[in-house]
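# what follows is a protein structure lacking sequence information:
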């Protein structure tokens, strides 16, 4: 199932690879820069080079399996977007050449893949707590950063909840795979409503438990673990910035 | 189907979740029509995983499960669920409509294609929640929500009824009501399967079998008396004997008699000592 594959590829995976040891701030900058870099150019060569680099980074964290899983899970979604894009291109410029169309598509696929890999690298090797601490160190107030962490933490819980809801409704005779498209969409209601209700209740319980333990009592807070930029971080960031800037620059000039 | 016919047969069932965790490791089990079976085990022993095999929500990775003679691998969930009703632990996982009545009608719509309001009313009446008919399922108590979930399955009269942790979070009064309902269903000859670690509740249920799961295997399959007087077995499932067996064991009388509940102990004492002596106590 699509949900299962996407879910499994986006969970934080504990470990001790080079990527795990990087500072979360550095990884965040890496993910954002990479996403920006692919939108600076449309040249196939430059995009391929940037993707190759991301694959190397993912390989260093032995995350290629996860990337493959995510790509496989997202294929139906990607195909839909490509079909819509093709239709749009033909509406705007009906006389487009095949070669040009192929270039547009190649750029599109490369960009999606690069962003996906960077995202998987970031999410798989940065625990929600590290992310929060990184954001707070970057100047965000912790009351604003915390909901983000909670959202991350809730991803697997919500997926499990949706699975339970789906099981409970199938036990009462719900069959999603039958009927025409409108009926199928209507049949999602018995899945969506309980899932949303359960998530809201969970969120309310969590908010109360956190308040009861003094969350938000002071404007600043300390952290048990210290966070410092190390040599490894500087090296990683320098290599990434230089090579991505080079790719983008070569493509532009 | 006659009493005693095999309705569920599990043959060397293994189940491995997609995340790699093996929850069942060769479970074999036969359940007959009219049986009342408790499935007991510590958290993570595989109770819920096993139950989900009974209506095909999960298909065995190895081995097979036959439900009313049909291999679950060749049957759809809807087809099996029509005959095996499962009530899951969290009623909020299934409520999506704005009245109890509509909620209970859901399975009828799916299985029968039509709704019989009389049938719904009578099931709600049997469970003592008819007055909640027009209320939202979200604004009633947990005990009532559990009964609505039970009603939403009972309403289409499945031959086999499976309950997953039916007493979790219920107060004493609600538990006793549930017990009364289960007793009646058992007397009607319905096959009951209850997964639970509420040992006091199980001691009061009209069970004819207890299956103990440990680490994905059947570690015990026998009568409730054998199970609930077997202290090492219960400890291995992080349980202790129900209070009546506990008392009898402490008194060292377990070789003489094995009552499971106060009612049974009372009847035994009464027949041993004679009615007149106890009658002096008042009742």
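That came through fine. Here the structure is a predicted model, which means the values were calculated and not measured.
# how many neighbours does the residue in chain A that chain B sits nearest to have?
For chain A, the residue closest to chain B is residue A:173, as judged by C-beta to the nearest C-beta, at 3.0 Å. Every C-beta, even on glycine, is put in place using the N, C-alpha and C of the backbone. Here the number of neighbours of residue A:173 (other C-beta atoms under 10 Å in any protein chain shown) works out to 20.
# test my guess that it contacts residue B:84.
No. Using C-beta atoms under 8 Å as the test, residue A:173 is too far from residue B:84 to be in contact (11.5 Å).
# near residue A:26, how many other residues are there?
19.
# actually residue B:47, sorry about that
Look at residue B:47: counted by other C-beta under 10 Å, it has 22 neighbours.
# before we move on, what about residue B:273?
Residue B:273: 10 neighbours (other C-beta under 10 Å).
# around chain B, pick out the residues from the stretch 151-253 of chain A.
A:161, A:164-165, A:167-175, A:189-190, A:192-194, A:197-198, A:201 (C-beta under 8 Å from any C-beta of the partner chain).
# just the buried residues out of those residues, in PyMOL syntax.
Here is the PyMOL command that selects only those of those that count as buried (16 or more other C-beta atoms under 10 Å in any protein chain shown):
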select buried, chain A and resi 161+164+165+167+168+169+170+171+172+173+174+175+190+193+194+197+198
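# looking at the residues of the stretch 151-253 of chain A next to chain B, which are in helices?
Judged by DSSP state H, helices contain the following of these: A:161, A:164-165, A:167-171, A:189-190, A:192-194, A:197-198, A:201.
# which two of these have the greatest separation?
Maximum pairwise distance among these (C-beta to C-beta): 22.2 Å, between A:170 and A:201.
# let me know whether my guess that residue A:226 is in a strand holds.
No. Counting by DSSP: H, G, I helix; E, B strand; the rest coil, residue A:226 falls outside a strand, being coil.
# residues near it, how many?
The number of residues packed near residue A:226 is 7, by other C-beta under 10 Å.
# show me the strands in chain B, by range?
For chain B, applying DSSP state E gives strands covering B:6-16, B:22-32, B:36-40, B:62-67, B:70-71, B:84-87, B:160-164, B:191-195, B:209-214, B:217-222.
# mind putting those into JSON lines with mean neighbour count?
Below are those laid out as JSON lines (neighbours: other C-beta atoms under 10 Å in any protein chain shown):
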{"stretch": "strand B:6-16", "mean neighbour count": "19"}
{"stretch": "strand B:22-32", "mean neighbour count": "19"}
{"stretch": "strand B:36-40", "mean neighbour count": "25"}
{"stretch": "strand B:62-67", "mean neighbour count": "18"}
{"stretch": "strand B:70-71", "mean neighbour count": "14"}
{"stretch": "strand B:84-87", "mean neighbour count": "26"}
{"stretch": "strand B:160-164", "mean neighbour count": "23"}
{"stretch": "strand B:191-195", "mean neighbour count": "24"}
{"stretch": "strand B:209-214", "mean neighbour count": "22"}
{"stretch": "strand B:217-222", "mean neighbour count": "16"}
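# contact partners for residue A:168?
Residue A:168 sits next to A:194, B:88, B:90, B:93-94 when contact means C-beta atoms under 8 Å, 6 or more residues apart in numbering or on different chains.
# may I ask which two of the residues you listed are separated the most?
Spatial extent of the contacts of residue A:168 (C-beta to C-beta) is set by the pair A:194 and B:88 at 11.1 Å.
# circling back to that earlier point, and which of the contacts of residue A:168 is nearest residue B:202?
Ranked by distance to residue B:202 (C-beta to C-beta), the contacts of residue A:168 are led by residue B:88 at 18.5 Å.
# which residues touch the closest one?
A:164, A:167-168, A:171, B:94, B:149, B:164.
# state the distance from it to residue B:140.
Distance, residue B:88 to residue B:140, by C-beta to C-beta, to the nearest Å: 18 Å.
# show me what contacts residue A:27?
Taking C-beta under 8 Å, 6+ apart, we find residue A:27 in contact with A:19, A:121-122, A:125-126.
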